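> just a sequence and a predicted model for now, questions to come.
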Amino acid sequence: MNKIITSVDILKQVSEPVTPEEAPKIIEALENQLSKCDNGIGLGAIQLGIPKRVFVIKKAGRNGTTFDHFINPTFVDSSGEFIFLGEGCLSFPGLYLNTRRFHHYTIERDVLDGKTFRRETDYFYYPETSDERISRDEAIGSIAVQHEMDHMVGKILPEYGLKNESFIRDNPKVGRNDPCPCGAMKDGKPVKYKKCCGKA
């Protein structure tokens, strides 16, 4: 059984193109492992010790969890660089770093078509303003794709994070509308973080 790799020496390997014959078995292993990770969105083959250019992104839908497959992906173009706050990685549990990512980018990837590949082009973006309407899965997924693309060229999160802007979280990040961790109650209901300790 494959387990998520934490060895820096393995993770820094540059992945090789995957063949149509190899891809299905690797994708199955990736889906099986990622399905066990509640806090994981993406997983690359190198994170299972397999230096091949393939990764999967988990998506939650009305009909359950699905996976998007990225086989031999390459960047076509990108624009709108920004700082994404608190990016994590399943290979470095508990470590969160601020990273430079792109709002807009296009990639090409292979798609299994029977026993061969066909090439496909996809566009991804992360909202530039809070007014843009996009699902959380799409937004975070666009960051996860960039993260996994890094893994394929041997770039790991500790190297990619902005200098002097790293931090370790003992507990999951608290959202503004989540119940306040201090346990405050009002009228028998939990007080939202933004109206309690989050005011500061």
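Yep, it's here.
> before we move on, what SS does the closest residue to Gly40 other than its chain neighbours have?
Computed as CB to CB, 6 or more residues apart in numbering, the closest residue to Gly40 that is not its neighbour in sequence is Leu90, at 4.8 Å. Where you see a C-beta, it was placed from the backbone N, CA and C, and this is true even at glycine. Under DSSP: H, G, I helix; E, B strand; the rest coil, the three-state class of Leu90 is coil.
> count of residues packed around Leu90?
20 (other CB atoms under 10 Å).
> hang on, it packs against Lys3?
No - proximity of Leu90 to Lys3 does not meet the contact threshold set by CB atoms under 8 Å, at 10.6 Å.
> quick one: least confident helix or strand in the chain?
In the chain, the helix or strand scored least confidently by mean pLDDT, DSSP states H and E is strand 166-168, which has a mean of 44.
> in its sheet, which strands sit next to the helix or strand hosting Thr74, and in what direction?
Here Thr74 sits within strand 64-87, counting by DSSP states H and E. When pairs are called by DSSP bridges, strand 64-87 turns out to pair with strand 54-61 (antiparallel), strand 95-113 (antiparallel).
> point out the most buried one among those strands.
strand 54-61 (a mean of 20; mean count of other CB atoms under 10 Å).
> centre of the chain to that one, how far?
9 Å (CA atoms, centre = their mean, to the nearest Å).
> and the strand holding Thr74, what's buried?
Residues of strand 64-87 classed as buried by neighbour count (16 or more other CB atoms under 10 Å): 67, 69-73, 84, 87.
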